[in-house]
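J.: structure for the following, please:
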Amino acid sequence: MRAKKSYGQHFLTNEHYARQIAEALTLTDTYDHALEVGPGQGMLTKYLLERESAFHLKVAEADRDMVAYLNTHYPQLADDILEGDFLKLRLQEVFAGQAFGLIGNFPYNISSQILIKLLDNYTLIPEMVGMFQKEVADRVIVGHGTKTYGVIGVLVQSRYEPSLLLNVSRGNFAPPPRVESAVIRLVRREEPLIADEHYGLFKHVVKSAFGKRRKMLRNSLKSIFPAEAMADDALFERRPEQVSLDDFAALTRKAAGLQNDN
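T.: You can find the predicted model right below:
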């Protein structure tokens, strides 16, 4: 069973790390189910199945060969293998609208899309533990003031609190990826930084700001804010990497207020 580039497969071979990752879902008092994305040959799956008293596990796998492998080697999964693209899954239907933990050694070629799908379904997912390309993991967990800070980090942190669990070197995979990896954990905020009704506007503000990363906000956000609204606010003199999460939230509230006035 060789990994397939088309699915972005790199199989974790380190048993110790696999157990650590499986045990990192710790908010199981808030949900009764877990969904693993891209189980492959089941290195992580077998340790998740050991936690059957904590949650009911389902797995989503797009590779038909891996689905056949899982059916043969993990018959206890029975009807809990969801064959197909995770990105096309209706997560509201997977566990009949009930909350679940999300976990996986995520395919690196769709890792950003997985994060976006997580955010779009955050009310269902109190906790996520996942393996990412280290560059992506760093962008998710970093704070403002660095070149790594950007759109995905701001969006994720508006709904989740991130932490780094462990760094994983290339030699712990077969085949080894060309990049280093890291496992991160996301815990849903008790209250999202931005109310759902303003989340679309929040994304627009953040993406517009970082779309012109080298420019001050008074230039990158002039399609959102009229000149008079920016005139006496020093925040608009900053570049996006200098703008904190709370500042982006404040900008969104200001933009919403202007929309309401109009």
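J.: so where do the helices sit in the stretch 101-250 of the chain?
T.: Using DSSP state H, counting those that start in this stretch, the helices of the stretch 101-250 of the chain run over 111-120, 134-141, 151-159, 196-211, 217-220, 227-230, 245-261.
J.: among those, which is nearest residue 177?
T.: helix 134-141 (9.9 Å; CB to CB). Where you see a C-beta, it was placed from the backbone N, CA and C, and this is true even at glycine.
J.: domains of this structure: list them as residue ranges, please.
T.: Following automatic domain parsing, one gets these domains for the chain: 5-188, 196-261.
J.: single out the most deeply packed of these.
T.: Of the domains of the chain, the one with the most neighbours on average (mean count of other CB atoms under 10 Å) is domain 5-188, at a mean of 18.
J.: what about it, distance to the chain center?
T.: Offset of domain 5-188 from its chain centre (CA atoms, centre = their mean, to the nearest Å): 9 Å.
J.: one step back: with mean pLDDT as added columns, please give the helices of the stretch 101-250 of the chain in JSON lines.
T.: What follows is the helices of the stretch 101-250 of the chain, written out as JSON lines (pLDDT from 0 to 100):
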{"stretch": "helix 111-120", "mean pLDDT": "96"}
{"stretch": "helix 134-141", "mean pLDDT": "97"}
{"stretch": "helix 151-159", "mean pLDDT": "98"}
{"stretch": "helix 196-211", "mean pLDDT": "97"}
{"stretch": "helix 217-220", "mean pLDDT": "96"}
{"stretch": "helix 227-230", "mean pLDDT": "93"}
{"stretch": "helix 245-261", "mean pLDDT": "91"}
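J.: which stretch among these comes nearest residue 183?
T.: Among the helices of the stretch 101-250 of the chain, if distance is taken as CB to CB, the winner is helix 134-141, at 7.6 Å.
J.: tell me how far the nearest residue to residue 141 once chain neighbours are set aside lies from residue 212.
T.: Spatial nearest neighbour of residue 141, chain neighbours left out: residue 162 (4.3 Å); criterion: CB to CB, 6 or more residues apart in numbering. According to CB to CB, to the nearest Å, residue 162 stands 26 Å off from residue 212.
J.: re the thing from before, so which of the helices of the stretch 101-250 of the chain comes closest to residue 182?
T.: From these, taking CB to CB, the stretch that ends up closest is helix 134-141, at 3.8 Å.
J.: report all helices and strands that the closest one contacts.
T.: In terms of contacts (3 or more CB pairs under 8 Å, 6 or more residues apart in numbering; DSSP states H and E), helix 134-141 is packed against helix 111-120, helix 151-159, strand 160-168, strand 181-188.
J.: ok, residue 198 - contacts?
T.: The contact partners of residue 198, by CB atoms under 8 Å, 6 or more residues apart in numbering, come to 252-253, 256.
J.: and it, how far is that from residue 249?
T.: Taken as CB to CB, the span from residue 198 to residue 249 is 9 Å.
J.: and the residue nearest the centre of the chain, what does it touch?
T.: In the chain, the residue lying closest to the centroid (CA atoms, centre = their mean) is residue 115, at 2.9 Å. Applying CB under 8 Å, 6+ apart, we find residue 115 in contact with 140, 152, 155-156.
J.: and the residues you listed as a markdown table, adding distance to residue 224?
T.: A markdown table is the format used below for those (distance: CB to CB, whole Å):
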| residue | distance to residue 224 |
| --- | --- |
| 140 | 25 |
| 152 | 20 |
| 155 | 17 |
| 156 | 22 |
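J.: taking these, tell me the two that lie furthest apart.
T.: Longest span within these, CB to CB: 140 and 155, 9.4 Å.
J.: low-confidence ranges in this protein?
T.: 1-9, 261-262 (pLDDT under 70).
J.: roughly how far apart are the residue in it sticking out farthest from the centre and residue 222?
T.: The centre of the chain is farthest from one residue, residue 228, which by CA atoms, centre = their mean lies 37.0 Å away. Look at residue 228 and residue 222: by CB to CB, they are 12 Å apart.
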